[in-house]
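Chemist: based on what follows, work out the 3D shape:
(chains A, B, C and D)
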Protein chains: 2
Amino acid sequence: MSNAVVKFRLEPKSGRDRILLVAMRLFGEQGFDSVTVRDIAAAADVSVGLINHHFGSKDGLRDQVDAHFLEVFEAAYLEGTRVGAEVTSAEEYSQWIEAWISRHVDDWPLLAQYLRRALLEESDWGAEVFRRYYDIVRSAIDRVDAAGGVAPEVDRLWLPFLIIYLQVGTLLLDPYIKRILGRSGFDRDLWRRRHEAYSHMLASGVWSGGAPARPSPRPTRRRRPPPEK
Amino acid sequence: MSNAVVKFRLEPKSGRDRILLVAMRLFGEQGFDSVTVRDIAAAADVSVGLINHHFGSKDGLRDQVDAHFLEVFEAAYLEGTRVGAEVTSAEEYSQWIEAWISRHVDDWPLLAQYLRRALLEESDWGAEVFRRYYDIVRSAIDRVDAAGGVAPEVDRLWLPFLIIYLQVGTLLLDPYIKRILGRSGFDRDLWRRRHEAYSHMLASGVWSGGAPARPSPRPTRRRRPPPEK
DNA sequence: GCGGGCGCTAAACATACGTTCAGCTCCGGC
DNA sequence: GCCGGAGCTGAACGTATGTTTAGCGCCCGC
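Modeler: Numbers count the residues shown, from 1 in each chain, chains lettered A, B, ... in the order given. Below you'll find the predicted structure:
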């Protein structure tokens, strides 16, 4: 079992691994173009020459960082699809997709930040990661749907995307959540609480009295005109 | 032309405005550090010297681009809060926040990309924009809540964030949606359809029948009339 | 007419950056 | 003992990039 999950942490003893680790962190924090090889060398406490000695070039370094990330992600992906393929109920679905994320939560401060960058910078492999992720979510929904678990009036086209929004929202916006809440949305208890709020929203919505018999508490304000331009 | 909305489009006749416009586009597409002043000069069909002549430095240029964006955003923000302050029902809320976005949808290919980039790069003003956005959403929810419009078991801490996720999801992930659907999620009909899916999810959830996590007033599926046009 | 400011250009300049290279230390095998 | 390779260093190199500067043409007020 311990073998199923690829090791996340590189040995910081060797200079090569230190460079890889530091580069991943800096790329995630500042973006590829904003980080200089001298920054990396300084942070990893090695000479600039060593980076090119091991990785050929700055681009080569990025390739290796990407490869390392994808190696980890691939393991999680396979794990996810394997479990996901057996899911047919909404409850189960919400369980495994969250578990799939939570399983590696301890390694996330580094990995999540890097994935966030990759997604937002639209790296070529970032697009591939997203595509796979979409496939996972979509096929899971399809199975739930086939089992009658999706309400009939729900838009099948948008449902996977809306669910993805909810799932990756914390990933993409955590820097700002941190500023508002004072701590990361990935913190254990916050994360768990978020999962419950998320599950509840998918199951029942959030507004009360879904029945149209709402006691319109305020006198009728002028309703906004439909978006027109 | 309505005077209430600050002009979005600069006059591309003057070199200064061309630079501003091109810079906004390139910064949004590639990120500040990846764009060189020579790129901008070439794309705006001016000399490199003109950029520093008008803006002093590349950083000065960014400041002006930011200022122009914020000018536009501020108008939309005030417009949003003014209307938003009068909203107390969930229906209205969902209406105005979407209208607030839809109103400027034609200017979005440029503005959205720039905002997306600002959020990605965690610029200081990007954080400020997010904070204000959060305040808008949160206070709107609070009013709805005070009017009894929020279901009691809903997590008040996470609700604003989950709603924000749904709202900005398309903004942040549109490049990938484009690859999957073949066109932008901001396209008129897709956007409208997304809004309905979004409203429906908030009102009723998406799963059918299934047992809600909490004893809900009605474990059986609740039916809603289709959103009136 | 003309002086001066404004928009603008193109070349020159200084520096930051990615890359290269000669050479150092350490260590295992012969 | 010493050879050879691996890990590593720091200075040097070439180029890309942001900035500065000298100067041109146009237009407006006097």
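Chemist: can you give me every residue that contacts the nearest residue to A:Gly126 once chain neighbours are set aside?
Modeler: Spatial nearest neighbour of A:Gly126, excluding adjacent residues (Cβ to Cβ, 6 or more residues apart in numbering or on different chains): A:Ala118 at 3.8 Å. For every residue, glycine as well, the C-beta is placed using N, CA and C. Applying Cβ atoms under 8 Å, 6 or more residues apart in numbering or on different chains, we find A:Ala118 in contact with A:66, A:69, A:125-126, A:129.
Chemist: in helices only, show me the residues you listed.
Modeler: A:66, A:69, A:125-126, A:129 (DSSP state H).
Chemist: re earlier: A strand includes the residue nearest to A:Gly126, no?
Modeler: No: under the criterion used here (DSSP: H, G, I helix; E, B strand; the rest coil), A:Ala118 is helix, not part of a strand.
Chemist: do you know how far it is from chain B?
Modeler: A:Ala118 sits 11 Å away from chain B, going by Cβ to the nearest Cβ, to the nearest Å.
Chemist: what's the pLDDT at that residue?
Modeler: We have a pLDDT of 91 for A:Ala118.
Chemist: cool, A:Val168 as well?
Modeler: Reported pLDDT for A:Val168: 93.
Chemist: can you tell me which residues contact it?
Modeler: Contact partners of A:Val168, counting by Cβ under 8 Å, 6+ apart, are A:119, B:165, B:169, B:173.
Chemist: residue ranges with poor pLDDT in chain A?
Modeler: Along chain A, segments meeting pLDDT under 70 span A:1-13, A:80-81, A:83-84, A:87, A:93-94, A:97-98, A:100-102, A:104-106, A:209-229.
Chemist: which residue ranges form the helices in it?
Modeler: With DSSP H, the ranges of helices along chain A come out as A:15-30, A:37-44, A:48-55, A:58-84, A:90-102, A:108-121, A:124-146, A:159-181, A:188-204.
Chemist: got a markdown table for these, with distance to B:Gly148 too?
Modeler: What follows is these, written out as a markdown table (distance: least, Cβ to Cβ, whole Å):
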| stretch | distance to B:Gly148 |
| --- | --- |
| helix A:15-30 | 43 |
| helix A:37-44 | 53 |
| helix A:48-55 | 60 |
| helix A:58-84 | 39 |
| helix A:90-102 | 28 |
| helix A:108-121 | 37 |
| helix A:124-146 | 32 |
| helix A:159-181 | 25 |
| helix A:188-204 | 16 |
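Chemist: closest to B:Pro160 out of the ones you listed?
Modeler: Nearest to B:Pro160 among the helices of chain A is helix A:159-181; the distance by Cβ to Cβ comes to 9.2 Å.
Chemist: would you indicate which residues of that closest one are buried?
Modeler: For helix A:159-181, the neighbour count (16 or more other Cβ atoms under 10 Å in any protein chain shown) marks A:159-177, A:180 as buried.
Chemist: swap in stretch A:28-39?
Modeler: A:28, A:30-32, A:35, A:37.
Chemist: of all those, which comes closest to DNA strand C?
Modeler: DNA strand C lies nearest to A:Val37 out of the buried residues of stretch A:28-39, by Cβ to the nearest atom of the strand, at 3.9 Å.
Chemist: would you check that that closest one makes contact with A:Lys58?
Modeler: Yes: using Cβ atoms under 8 Å, A:Val37 is in contact with A:Lys58, at 5.5 Å.
Chemist: joint contacts of the two?
Modeler: A:Ile51.
Chemist: how about the nearest residue to A:Tyr207, chain neighbours excluded?
Modeler: For the record, residue A:207 is Trp, not Tyr. B:Ala90 (4.0 Å).
Chemist: give the contact list for the one you found.
Modeler: So B:Ala90 contacts A:207, B:144, B:149-150, B:202-203 (Cβ under 8 Å, 6+ apart).
Chemist: point me to the residue of chain A nearest DNA strand D.
Modeler: Counting by Cβ to the nearest atom of the strand, chain A gets nearest DNA strand D through A:Gly49, at 2.0 Å.
Chemist: ok, that residue to chain B distance?
Modeler: In terms of Cβ to the nearest Cβ, A:Gly49 sits 24 Å off from chain B.
Chemist: need the residues of chain A near DNA strand D, please.
Modeler: Within chain A, the positions lying close to DNA strand D (Cβ under 7 Å from any atom of the strand) are A:14-16, A:45-50, A:53-54.
Chemist: what do you get if the cut-off is 6 Å, keeping everything else the same?
Modeler: With Cβ under 6 Å from any atom of the strand as the criterion, chain A meets DNA strand D at residues A:14-16, A:46-50, A:53.
Chemist: tell me the two of the residues you listed that are most distant?
Modeler: Among these, A:Ser14 and A:Val48 lie farthest apart (Cβ to Cβ), at 17.2 Å.
Chemist: perfect, I'm done here.
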